[in-house]
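Participant: Based on what follows, work out the 3D shape:
(one chain, ligands or ions: 1)
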Amino acid sequence: MKMGRNEERFYPILLKYLRQKGYLTEGYKDYGKTKFEFTRVGGKTQADVVGVKDIGRMYSHEIEIVAVEVKDREQVRVKYITQALGYSTFAHRCYLAMPTKYKDEYINYARQMGVGLLEIDKNEVTEVLTAELKNPNETMLAWFLRRSLKLVKCILCGSIIYKFQAKRIKRVNIFGKEKHLYVCPECYSMFENIK
Ligand SMILES: [Zn+2]
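Facilitator: Predicted coordinates:
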C-alpha cells in the first residue's frame, strides 16, 4: 500500500538542515509567550520552510532569507520550480525540496530559473543545485519579516530583533499618516538615560 502524502514530515529535517547552515528557524509570537517554527509562514505566498541568516560583516546588518517549497512527490513538475521561484519576492534564495533524484531536464530548468534543489533521503538533505541570489522587494521583505517571522529591524542601530522585544514608537508625518518605528531595548534605554 502506498503511504499517503505528508510533506510536513519533511519540515523537521529541513529545519535541522537550515540550522546546521547557520540559519535561524524559529521565533516568538504572542508577545514572546509562544515559540514557533518558521514553517508554513506567510500569507498568500506561503513558504513551507524558512530560514534567516545574518550575512553582514561587523559593521553591516545584511540578512539572507531562504525559502523552501516542499513536495512529497517522486515526480518533479515544472510548476513546483515555478512555485519556489515565487518566493523570490521576499526571499534571497529559493529552493525546492523533494524525496527524489532530480533528472537533468529539471536541474537545467531550475538553474535557468535560479531555483535551488534539495534532495531529501531519509533524514539527510543534499544540495543538488545551489539557489541563485535573488533581489527581493525591500517592502515585501520587511513585511514578511515582521508579519510572518515576527522579526523587526531597530531603526537606530539596524539590528534584527524579535518583535516582542522591540519598543514601538508611533509618529504622524506631514501627510497625516501614522508610522510605526521599532527600536531595540539597548537603543531605547540609551535614550531613556539621556532624558
Ligand atoms: Zn538598536
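
Participant: just how off-centre is stretch 165-183 within its chain?
Facilitator: Centre-to-centre, stretch 165-183 and its host chain are 25 Å apart (C-alpha atoms, centre = their mean, to the nearest Å).

Participant: can I get the CA coordinates of that stretch in CSV?
Facilitator: Written as CSV, here are the backbone C-alpha positions of stretch 165-183 (Å, rounded to 0.1, in the frame of the first residue of the first chain):
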residue,chain,number,x,y,z
GLN,A,165,11.4,42.7,22.4
ALA,A,166,11.1,45.9,20.4
LYS,A,167,9.8,49.2,21.6
ARG,A,168,7.3,50.6,19.1
ILE,A,169,7.3,54.3,18.5
LYS,A,170,4.4,56.0,16.7
ARG,A,171,4.9,59.1,14.6
VAL,A,172,2.5,61.1,12.4
ASN,A,173,4.2,62.6,9.4
ILE,A,174,3.3,65.8,7.5
PHE,A,175,0.8,63.9,5.3
GLY,A,176,-1.1,63.0,8.4
LYS,A,177,-0.1,59.3,8.1
GLU,A,178,0.8,57.3,11.2
LYS,A,179,4.1,55.5,11.0
HIS,A,180,5.4,52.8,13.4
LEU,A,181,9.1,52.5,14.1
TYR,A,182,10.8,49.8,16.1
VAL,A,183,13.7,50.4,18.5
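
Participant: Could you pull up the mean pLDDT of it?
Facilitator: Per-residue pLDDT over stretch 165-183 has a mean of 95.

Participant: Number the chain from 883, please
Facilitator: Happy to do that; since the first residue is 883 now, the last one works out to stretch 1047-1065.

Participant: ok, and what's touching it?
Facilitator: With contacts defined as C-beta atoms under 8 Å, 6 or more residues apart in numbering, stretch 1047-1065 is touched by 914, 1034-1038, 1043, 1045, 1066-1067, 1070, 1073. Where C-beta positions appear, they are placed from N, C-alpha and C, glycine not excepted.
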